[in-house]
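okay, here's the prediction I keep looking at, along with the sequence it came from:
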Amino acid sequence: MRNSKKKIILAIIILLVAVVIILIVGKKKKEQPYNETPVDIYGEYQKNRETEGKSAKDEVAREEDNMNEYMTVQSIVSKFNRNVLYLNATAEDLDLIVTKNQEANVLAKYKQEGTDFIKNVLAPNYKTKYSVDDKYINNMLANYSKLNYVITDMYVIEDSEYINTYFVYGLYGETEFNFIIVLDRYNNTYQIYLNNYFKEQGYSKSNINSMKTLNISSIENNGSNTFQYRNIEREQVAQIYYDEYLDIIKNNKKIAYNMLDSEYKKARFDTIEKFNDYVKNLPTGNKARMASYTITQGDGYDEYLCKDALGNNFIFKVTGAMKYSVILDTYTTNVLAYENEYKNASAEKKVKLSFNRFFECINNKDYERAYGYLNKTFRENEFPTLDEFKQYVESNWFNVNSFTYQSMEVSVNETYSVYGTIHDYELEGSYDAGFLNKTFYIKLGSDYNNFEVSFGK
């Protein structure tokens, strides 16, 4: 019995000693400061390069062809230029509702906010080199405050696994202004060098070897210079192209004109005046929205065919990230989506596809092309001149027309009789929307752009 008690007492003593030891060790660990040695990611990356006989200086700039990377940098540029706007904005520019007495103070606050942001995102060595202060920023950027900025080219150097240097070429209005943007994807931070540094260093896209790494190893977070990596889904790309081009048309028609496919521009808009006449009739506001899109893969490019809410076509021939030329109709030059659809269509479907081209011409006010689609005998008898045809259409049809098919028959000479209704597409759904029942006669040719149309007046 005594032995049992001794064993119990001994076990209790051992347990208490163990608890005390654990508490003492735990306290010491708690008091021990946490001191993790920082990892030099950039340095480690360069050491690994050196073992392969390479260095950061060996990296050659290339055009950025990754849409996610491109849009990440573009979003940084857009945010920067939003703050440039603050430098010289009016209350109307910023959509502010303030009294005249309040306006000066409110705009002064916006100007200071923009100035402070720009100072925070500029590279430290850039600010040191140019002694950057508020006056410097105002002198450098205020004149661009109300100008739209368009990126024309973007090149990248992969400094390390996490550090990328981007050479961004672009225009404020018609004035060239380039940036260097360095991204630290480990810290999700960035820093910017402005156009004067860009020029002084002699960087040029005509000589990609001139664009070299700036040897930035990391970028500290200062509260303003953070970014979020963009992850663009394929279906979003068409919307991005559509939105950007509409924005360029609005802000700089000369750039928009120069972005047209060269073959198409020569055939459809051989002068910028003709282009300006066309785009001034494009819809604005809620009607200027993409309603549908089709993506077709071509030889060395992807074709994005976007259609807006009023049936206008925007075709983007894409060769890289945000590198594209533009076509604005489906009948002047070949469009892959329609060409492929036509080849695989039934005879009745081919009639509709061809007839759609005719009405696309009418809606585009391209009366000369529509006139060319008319059956020769019909044209000579009913509309001896282009002006007579134009006057008839403008007097009897609508500004924007859509056609509803009701019946289709084919005669022995393979001419299709199509009966249906022309609708006023602009006013569709309102009490004022007009309509017109009419029979058309279509004879198919060798392809979707080779057909003849006639109709009863």
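Yep, that arrived. Numbers count the residues shown, from 1 in each chain.

strands along the chain, start to end?
For the chain, the strands defined by DSSP state E cover 62-63, 149-158, 163-172, 175-176, 179-184, 189-193, 290-297, 302-308, 313-320, 323-327, 401-410, 415-424, 435-444, 451-455.

check which residues of the fifth one are buried.
If I follow you right, that is strand 179-184. Buried residues in strand 179-184, counted by 16 or more other Cβ atoms under 10 Å: 179-184. (Glycine included, C-beta is placed from N, CA and C.)

in terms of secondary structure, what does that strand contact?
helix 67-86, strand 163-172, strand 189-193, helix 195-200 (3 or more Cβ pairs under 8 Å, 6 or more residues apart in numbering; DSSP states H and E).

by how many degrees do it and strand 189-193 diverge?
If you take axes from the mean of the first three to the mean of the last three Cα atoms, to 10 degrees, strand 179-184 sits at 160 degrees to strand 189-193.

can I get the strands of the chain in TSV including mean pLDDT and distance to Thr333?
As requested, these are exported to TSV (pLDDT from 0 to 100; distance: least, Cβ to Cβ, whole Å):
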stretch	mean pLDDT	distance to Thr333
strand 62-63	94	26
strand 149-158	95	24
strand 163-172	97	27
strand 175-176	96	30
strand 179-184	98	35
strand 189-193	98	40
strand 290-297	94	14
strand 302-308	96	12
strand 313-320	96	9
strand 323-327	97	6
strand 401-410	95	23
strand 415-424	96	26
strand 435-444	96	20
strand 451-455	96	17
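
for those, which one sits closest to Asn231?
Asn231 sits nearest to strand 179-184 of all the strands of the chain, at 15.1 Å, using Cβ to Cβ.

circling back: from the buried residues of strand 179-184, pick the one nearest Ala89.
For the buried residues of strand 179-184, the nearest to Ala89 is Phe179 (20.8 Å; Cβ to Cβ).

my guess is that closest one contacts Leu194. True?
Yes - using Cβ atoms under 8 Å as the test, Phe179 is close enough to Leu194 to be in contact (6.6 Å).

now distance to Glu244 too, for the buried residues of strand 179-184, in JSON lines please.
What follows is those, written out as JSON lines (distance: Cβ to Cβ, whole Å):
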{"residue": "Phe179", "distance to Glu244": "18"}
{"residue": "Ile180", "distance to Glu244": "22"}
{"residue": "Ile181", "distance to Glu244": "19"}
{"residue": "Val182", "distance to Glu244": "24"}
{"residue": "Leu183", "distance to Glu244": "21"}
{"residue": "Asp184", "distance to Glu244": "27"}
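
what is the nearest of those residues to Leu427?
Taking the buried residues of strand 179-184 together and measuring to Leu427 by Cβ to Cβ, the closest member is Phe179, at 45.9 Å.

quick one, what contacts the closest one?
Shown in contact with Phe179 (Cβ atoms under 8 Å, 6 or more residues apart in numbering): 77, 80, 166-168, 170, 192-195, 198.

what lies in contact with stretch 364-376?
If you take Cβ under 8 Å, 6+ apart as the criterion, stretch 364-376 is touched by 268, 278, 281, 312, 328-329, 331-332, 357-358, 361-362, 379, 383, 386, 389-390, 393, 441, 443, 451-454.

can you say which of those residues are buried?
When the contacts of stretch 364-376 are checked for burial by 16+ other Cβ under 10 Å, the buried set is 268, 278, 312, 328-329, 331-332, 357-358, 361-362, 379, 383, 389-390, 393, 441, 443, 451-454.

related to what we said a few turns ago, among the contacts of stretch 364-376, name the ones in helices.
Among those, the members falling in helices (DSSP state H) are 268, 278, 357-358, 361-362, 379, 386, 389-390, 393.

which pair of the residues you listed spans the longest distance?
Using Cβ to Cβ, these span at most 23.9 Å, a distance reached by Tyr278 and Arg379.

want to throw the strands of the chain into JSON lines with distance to Asn207?
As requested, those are exported to JSON lines (distance: least, Cβ to Cβ, whole Å):
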{"stretch": "strand 62-63", "distance to Asn207": "13"}
{"stretch": "strand 149-158", "distance to Asn207": "11"}
{"stretch": "strand 163-172", "distance to Asn207": "12"}
{"stretch": "strand 175-176", "distance to Asn207": "16"}
{"stretch": "strand 179-184", "distance to Asn207": "16"}
{"stretch": "strand 189-193", "distance to Asn207": "18"}
{"stretch": "strand 290-297", "distance to Asn207": "33"}
{"stretch": "strand 302-308", "distance to Asn207": "29"}
{"stretch": "strand 313-320", "distance to Asn207": "19"}
{"stretch": "strand 323-327", "distance to Asn207": "19"}
{"stretch": "strand 401-410", "distance to Asn207": "52"}
{"stretch": "strand 415-424", "distance to Asn207": "56"}
{"stretch": "strand 435-444", "distance to Asn207": "53"}
{"stretch": "strand 451-455", "distance to Asn207": "50"}
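
how about the ones you listed, which one is nearest Leu122?
strand 189-193 (5.6 Å).

CA atoms only for the closest one, dumped as CSV, please.
Below are the C-alpha coordinates for strand 189-193, written out as CSV (Å, rounded to 0.1, in the frame of the first residue of the first chain):
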residue,chain,number,x,y,z
THR,A,189,4.5,47.4,-56.9
TYR,A,190,5.8,49.5,-59.7
GLN,A,191,7.7,52.7,-60.6
ILE,A,192,7.7,55.0,-63.6
TYR,A,193,10.2,57.0,-65.6
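
still on that earlier bit, what is the nearest of the buried residues of strand 179-184 to Phe227?
Leu183 (7.1 Å).

low-confidence ranges, the stretch 201-350 of the chain, go.
The stretch 201-350 of the chain contains no residues with pLDDT under 70.

can we see that at 90?
230, 232-235, 281-288, 309-310 (pLDDT under 90).

how is this protein carved up into domains?
The chain breaks down by automatic domain parsing into domains covering 59-210, 235-340, 345-455.

how about those, which one is nearest Gln228?
Minimum separation from Gln228 across the domains of the chain (Cβ to Cβ) falls at domain 59-210, 7.2 Å.
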